[in-house]
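# pasting the structure only:
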């Protein structure tokens, strides 16, 4: 299982932060300062999901919005991956 798609999406998110476009969802979310609220909303939707397809959809939404928060806070995705690797070695 590769993480290439996460890296690809994260690069787009960072680009939207650096080069905001008026029509960009990511740029609008960052501009409005609503990232944390959106993560809480998506987490609740994941918790409430019951069908497998719905769970997959909501998990993807949560991952996506978490990556927006990482970019907002200038945290690299690789830093999170390294933390997971470190925990795996325990």
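The structure has been received and is ready for your questions. Not measured: the values here are computed from a predicted model.

# Phi and psi next, for residue 74.
Per-residue torsions, residue 74: phi 60, psi 40 (degrees, to the nearest 10).

# any idea how far it lies from residue 80?
Separation of residue 74 from residue 80 (CB to CB, to the nearest Å): 13 Å. Where you see a C-beta, it was placed from the backbone N, CA and C, and this is true even at glycine.

# higher neighbour count, the two?
Per other CB atoms under 10 Å, whichever of residue 74 and residue 80 has more neighbours is residue 80, with 15 against 9.

# any idea how far the more buried one is from residue 90?
17 Å.

# In the chain, where's the longest helix?
As assigned by DSSP state H, the longest helix anywhere in the chain is helix 52-72.

# what comes up buried for it?
Neighbour-count burial for helix 52-72 flags 58, 61-62, 64-72 (criterion: 16 or more other CB atoms under 10 Å).

# now swap in stretch 31-48 and tell me
In stretch 31-48, counting by 16+ other CB under 10 Å, buried: 35, 38-39, 42-43, 45-46.

# what comes up buried for the lowest-mean-pLDDT helix or strand in the chain?
None of the helices or strands of the chain scores lower by mean pLDDT, DSSP states H and E than helix 77-88, at a mean of 93. Using 16+ other CB under 10 Å as the test for burial, helix 77-88 gives residue 77.

# which other helices and strands contact that helix?
Here helix 77-88 touches helix 4-18, helix 52-72, going by 3 or more CB pairs under 8 Å, 6 or more residues apart in numbering; DSSP states H and E.

# Of those, which is nearest residue 84?
Residue 84 lies closest, by CB to CB, to one member of those: helix 4-18, at 11.8 Å.

# I'd like the mean pLDDT over the closest one, please.
Over the span of helix 4-18, the pLDDT mean works out to 96.

# Helix or strand next in line after it, which one?
Counting by DSSP states H and E, the next helix or strand C-terminal to helix 4-18 is helix 25-32.

# contact partners of that following helix?
Contacting residues not belonging to helix 25-32 are listed as 12-13, 16-17, 20-21, 35, 38, 65, 68, 71-72 [CB atoms under 8 Å, 6 or more residues apart in numbering].
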